[in-house]
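Participant: My questions are about this predicted structure, shown below with the sequence.
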Protein chains: 2
Amino acid sequence: MSVKLNRNAAGRLVPDVVNGREAVPYAGVGGHRPTGRRAAPAIATCLDYPADGDKRVGSIKEALVRVGLSDGMVISSHHHLRNGDAVANMVFDAAAELGRRDLMWFPSASFPVHANQISHLDDGVIHHIEGSMNGPLGAYCSAGKMRGLGVLRSHGGRWQAIQDGEIHIDVAVIAAPTADAFGNATGDRGPAGCGLLGFALADSVYAEKVIVVTDNLVPFPCLPWQIQGNNVDVVVEVDCIGDPTQIVSGTTRITESPDRRRIAELAARFCADAGIMKPGFSFQAGAGGTTLAFAIYLRDLMRSAGVTARFARGGSNKYMIEMLKEGLIEYILDGQTFDLDAVQSLRDDPRHVNTSPFTSYNFHGKGNFASMVDVAVLGATEVDTSFNANVVTHSDGRLLHGIGGWQNCLTAGCAMLLVPSFRDRIPVIVDEVTTLCGPGELIDVVVTERGIAINPGRRDLLDAVAGSDLPIRPIEDLKAELDRICGVPQKVSRSDQPVAVVKWVDGTVIDTVWRVDCS
Amino acid sequence: MSVKLNRNAAGRLVPDVVNGREAVPYAGVGGHRPTGRRAAPAIATCLDYPADGDKRVGSIKEALVRVGLSDGMVISSHHHLRNGDAVANMVFDAAAELGRRDLMWFPSASFPVHANQISHLDDGVIHHIEGSMNGPLGAYCSAGKMRGLGVLRSHGGRWQAIQDGEIHIDVAVIAAPTADAFGNATGDRGPAGCGLLGFALADSVYAEKVIVVTDNLVPFPCLPWQIQGNNVDVVVEVDCIGDPTQIVSGTTRITESPDRRRIAELAARFCADAGIMKPGFSFQAGAGGTTLAFAIYLRDLMRSAGVTARFARGGSNKYMIEMLKEGLIEYILDGQTFDLDAVQSLRDDPRHVNTSPFTSYNFHGKGNFASMVDVAVLGATEVDTSFNANVVTHSDGRLLHGIGGWQNCLTAGCAMLLVPSFRDRIPVIVDEVTTLCGPGELIDVVVTERGIAINPGRRDLLDAVAGSDLPIRPIEDLKAELDRICGVPQKVSRSDQPVAVVKWVDGTVIDTVWRVDCS
């Protein structure tokens, strides 16, 4: 693959063409303005759909034939079933049986269970994948084995790419824990209940053809219709869409590491001392062990101070549900349901609200929720002294993680990175991040177990905690201490073969991921 | 205005150009296939919206300036506040103050309260109206005083016209009984609570600019977000969006006329005897006095037979709510909320479900709910012996009613017209309807107090009631009896000036309304 590389506004080398499409280089925060109109599917007509609303066909293979799957098409899927998903594998196995080739897979994320697709990549059924690749597919991409470039987008960036017509989905396949024969579908009930189906919403609205696959068919109307049957072409019943034990996340366990607990506690105290934790405030916290611990510490501080939050955004889990029930949070604006308590709450409690990347994250909308959140607590693999951060590669250059909502959350009133000082004796604060995912000007606070660094651009935050006993330190100081302890690791030399690009929230290319030869 | 008239597939003369747009003549039921892609608004960016989500401006006038209202633009509004709406008048008064001219008003329906707009039509602020015109505006249009043609569309046809890009809404104004500063809005609560806002949904999604006007601002998040703030540009607070006493309908009163009660009872018995009223069936009934009585008779028959309905569609009212609470209906799929009991039920009962013209009626979707309903009970102003029906004009040619969901409901398993034999001593069954709104092949049963006529095309229905004691009669017999009683009224001669057109559900022109010189 021969591509021209340009230096973008962040000084990063990025290809000018990505998978045959012209790529716009990152132009700085707020530097890119979109033009044109949203994508729009072909106008349908009821003449082509059964009047009784029964859109069922016998098998996934039959469904793919019915919607006209042909070589080179784009097939999308969602990741609400996480590592328990059985449907994406069935789809590509069926496509292979049909002899289709050069398909592009456009999942909202892929997991180790999807290693099944490696043979389809090797055999040419799948040309390449655009979407988060966790585990074996990430390694496959990292090693330069994929024919096209991986494209990593945030949840909001995926909506933006679909909405803006950058990605034209030919066939969306939506694994549905419950559905009716018309195609109305919900994730909040059924044997494979996973809560939300928000990551599939854009697919259902913008894809040319939509297939709903379910193992729990109910009589019309299936309610709530998280996915509306009026956008659906075909419904397929299968025995099982996924393994429930793998659908809910294993990440909803509070960290037991003393260092990480200290990070979480410092972060929570920062929110209190800086005055962010005030009546009617809002916060976003994910499902990682440290951020879970943060939520617990924050809860205790809120209780002590008698402060309640207007809403919490982000992934939901049993700790958030407890806070909702206790009245510490008025609403959960949920983007992803991480455990069974959360699935039940979403189903039964009207204060637990289904959101989508459109409402929460899409940067090419008329505002979104992310910028209205007072504080977002996030992780990172690396952060540099200008507060630029990496969340997709490790310092050895290997692509191991997706972006999720991480980039989108950086517009919060206060974006905090909660990171350990070291990982495997490698300092997390570096001179230059391996892969730039988030521009430093949007990252306000870095919390480590050795101290809290505040972005000098946030004079207001520095002032707000000036009198507190929190260990506030310049980020250069923190870095110097880490370097004294470990030494500055030798820079890993990178190949000059791009294997993936990282998109910014506005669709521009912020950085490139390069091939690494893993042992 | 000089337009060429063509004869369409129903033999009706229709203009080839309507308000400057080429018009497709009706091509028969299922005779027209759409081409092209859906409309799509310009891609927005969060750069243009406040990060804190507060989109408020001080007044409607300021909002109109902010969204760039200019001469000749299309302004849309919804009619959920019915004759209590104060917002549409405020909008055009403000547009007049700004000196704007030649605007097109695109309401989902207009009411007598909107007679305010007559001066704006006279003065050139409004060029013409496309949308149902009830009362004075209908008379104004009928008299040929409007510069453009009225265009009458069904609820589904309005969605279709917006979705297909036939109507490009420049500015949608959404009167919201409750909203937050981000633009999330709901109709199910607040001083002017009207229940749903479904008629404004297409406007919010497809309009270039969207203004939410509310008299009940709540802190973010306003839930449920029937209208999503992510589609909204500007929010305006006003003292009062409408008169609550005029918002809920006066039509939810069961008829006291013995003839109409008999019609209702015959219709209900027909449903039972024909086997339509079976376990898990579905029905649609509106808010008119006769159809309300139908629902009561049906309820009694359902109770006696121990039959429950899976769902009821259409407008909701206290009688439907009682049936829902009693368990006679499992779900109400609501399109329009007609009284305060229904508003409360929609807000509090998860079995009472918010629907939109997209889910229920849009013919250019991947199916819709209307065709899945087992029986729909409707009215008409005239029906001919081929079962063609009229719902917008009276036999004197005056335009007096909108189409509502009437056309859309004709795809139900059994479409029944409940009509009195006479109105003002004029027979309702005629040789030829004044205005064709619904093709006879879709109208299955006509119920009058003198007997029930079944469309000969529905052999199955004729067979189903063959053994019953219902007064089943050929429609010609019914007509002959009416004519014997009243005499055939003299045909009203019509002018040759079109004042409005009637669209079919697929966007084609099914008939023309001609100028009449009212006294």
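Facilitator: That came through, no problem.

Participant: May I have the secondary structure class of the closest residue to A:Val113 other than its chain neighbours?
Facilitator: Using C-beta to C-beta, 6 or more residues apart in numbering or on different chains and skipping the chain neighbours, the partner closest in space to A:Val113 is A:Asn83 (4.9 Å). Any C-beta I mention is one placed from the backbone N, CA and C, and that applies to glycine too. The three-state assignment at A:Asn83 reads helix, by DSSP: H, G, I helix; E, B strand; the rest coil.

Participant: Relative to A:Leu340, how far out is A:Asn83?
Facilitator: To A:Leu340, A:Asn83 is 16 Å away according to C-beta to C-beta, to the nearest Å.

Participant: A:Thr291 too?
Facilitator: In this structure, A:Thr291 and A:Leu340 are 20 Å apart, going by C-beta to C-beta.

Participant: re earlier: contacting residues around the residue nearest to A:Val113?
Facilitator: A:111-113, A:246-247 (C-beta atoms under 8 Å, 6 or more residues apart in numbering or on different chains).

Participant: Buried residues, stretch A:105-122. List them.
Facilitator: Within stretch A:105-122, the residues scored as buried using 16 or more other C-beta atoms under 10 Å in any protein chain shown are A:105-111, A:113-114, A:116-118, A:120-121.

Participant: and which of those residues is nearest to B:Ile211?
Facilitator: Nearest to B:Ile211 among the buried residues of stretch A:105-122 is A:Ser108, at 33.0 Å by C-beta to C-beta.

Participant: The closest one touches A:Met133, doesn't it?
Facilitator: No. Taking contacts as C-beta atoms under 8 Å, A:Ser108 lies outside contact range of A:Met133: 11.6 Å.

Participant: Tell me which stretches of the stretch 251-400 of chain A form strands.
Facilitator: Counting by DSSP state E, counting those that start in this stretch, the stretch 251-400 of chain A has strands at residues A:281-285, A:309-316, A:329-337, A:352-354, A:375-378, A:382-384, A:389-390.

Participant: Any idea how many residues pack against A:His168?
Facilitator: 16 (other C-beta atoms under 10 Å in any protein chain shown).

Participant: which one is it nearest to, not counting chain neighbours?
Facilitator: Nearest to A:His168 is A:Val74, by C-beta to C-beta, 6+ apart, at 6.3 Å.

Participant: So for A:Thr291 and A:Leu340, which residue has more residues nearby?
Facilitator: Higher neighbour count among A:Thr291 and A:Leu340: A:Thr291, with 28 against 16, using other C-beta under 10 Å.

Participant: ok now do the more buried one, which residues does it touch?
Facilitator: Contacts for A:Thr291 (C-beta under 8 Å, 6+ apart) come out as A:264, A:285, A:377-379, A:418.

Participant: at 6 Å what do you get?
Facilitator: Contacts of A:Thr291 were listed using C-beta atoms under 6 Å, 6 or more residues apart in numbering or on different chains, and they are A:285, A:377.

Participant: go on, A:Asp511?
Facilitator: By C-beta under 6 Å, 6+ apart, the residues touching A:Asp511 are A:12, A:435-436, A:502.

Participant: what's the answer for A:Tyr297, then?
Facilitator: Shown in contact with A:Tyr297 (C-beta under 6 Å, 6+ apart): A:264-265, A:268.

Participant: Name the nearest residue to it, ignoring sequence neighbours.
Facilitator: A:Ala268 (3.5 Å).

Participant: Does that neighbour touch A:Asp300 like I think?
Facilitator: No. Checked against C-beta atoms under 6 Å, the pair A:Ala268 and A:Asp300 is beyond contact range at 7.9 Å.

Participant: circling back to that earlier point, could you report the pLDDT at the residue nearest to A:Tyr297?
Facilitator: Note on A:Ala268: pLDDT of 98.

Participant: and if you look at A:Val488?
Facilitator: On pLDDT, A:Val488 comes in at 79.

Participant: Break chain A down into its domains, please.
Facilitator: According to automatic domain parsing, chain A comprises the domains A:52-130+A:167-247, A:258-494.

Participant: Figure out the length between the terminal residues of the last one.
Facilitator: Translated: domain A:258-494. Using C-alpha to C-alpha, to the nearest Å, one end of domain A:258-494 lies 35 Å from the other.

Participant: Could you do stretch A:330-348 as well?
Facilitator: In stretch A:330-348, first residue to last residue: 15 Å (C-alpha to C-alpha).

Participant: One more: stretch A:390-399?
Facilitator: In stretch A:390-399, first residue to last residue: 11 Å (C-alpha to C-alpha).

Participant: which other residues reach that stretch?
Facilitator: For stretch A:390-399, contacts defined as C-beta under 6 Å, 6+ apart pick out A:138, A:141-142, A:152, A:380-382, A:400-401, A:406, A:426, A:433-435, A:437, A:492, A:494, A:500, A:513, A:516.

Participant: what's the closest non-adjacent residue to the residue nearest the centre of chain A?
Facilitator: When C-alpha atoms, centre = their mean is applied to chain A, the residue found nearest the centroid is A:Gly404 (1.6 Å). Leaving aside its sequence neighbours, A:Gly404 sits nearest to A:His155 (C-beta to C-beta, 6+ apart; 6.1 Å).

Participant: got it, and A:Gln163?
Facilitator: Leaving aside its sequence neighbours, A:Gln163 sits nearest to A:Arg38 (C-beta to C-beta, 6+ apart; 5.3 Å).

Participant: Now do the contacts for the one you found.
Facilitator: Residues in contact with A:Arg38 (C-beta under 6 Å, 6+ apart) are A:163, B:40, B:43.

Participant: ok, so what distance separates A:Val307 from A:Leu301?
Facilitator: Distance, A:Val307 to A:Leu301, by C-beta to C-beta: 8 Å.

Participant: ugh, wrong one, I meant A:Ala109
Facilitator: As judged by C-beta to C-beta, A:Ala109 and A:Leu301 stand 33 Å apart.

Participant: Settle this for me: the residue nearest to A:His168 is touching A:Ile169, isn't it.
Facilitator: Yes. A:Val74 is within contact range of A:Ile169, at 5.3 Å (criterion: C-beta under 6 Å).

Participant: and those two? which has more neighbours close in?
Facilitator: Shown here are A:Val74 and A:Ile169; by other C-beta under 10 Å, A:Ile169 has more neighbours (25 against 18).

Participant: neighbours around the closest residue to A:Glu476 other than its chain neighbours, how many?
Facilitator: Sequence neighbours aside, A:Thr385 is the residue nearest to A:Glu476 in space, at 5.5 Å (criterion: C-beta to C-beta, 6+ apart). A:Thr385: 19 surrounding residues under other C-beta under 10 Å.

Participant: Kindly list the main-chain dihedrals of A:Thr385?
Facilitator: Dihedral pair for A:Thr385: phi -70, psi -10, per degrees, to the nearest 10.

Participant: that older thread, where strands are concerned, which of the contacts of stretch A:390-399 count?
Facilitator: Here DSSP state E is the test, and the contacts of stretch A:390-399 give A:152, A:382, A:426, A:500, A:513 as lying in strands.

Participant: Which parts of the stretch 151-300 of chain A are helices?
Facilitator: For the stretch 151-300 of chain A, the helices defined by DSSP state H, counting those that start in this stretch cover A:155-163, A:201-206, A:244-247, A:258-273, A:289-305.

Participant: And for the second one, what's in contact with it?
Facilitator: With contact meaning C-beta under 6 Å, 6+ apart, helix A:201-206 is reached by A:39, A:76, A:159, A:162, A:169, A:172, A:210, A:227, A:231, A:356.

Participant: run the last query once more with 7 Å
Facilitator: A:39, A:41, A:76, A:78, A:159, A:162-163, A:169, A:172, A:174, A:210, A:227-228, A:231-232, A:356-358 (C-beta atoms under 7 Å, 6 or more residues apart in numbering or on different chains).
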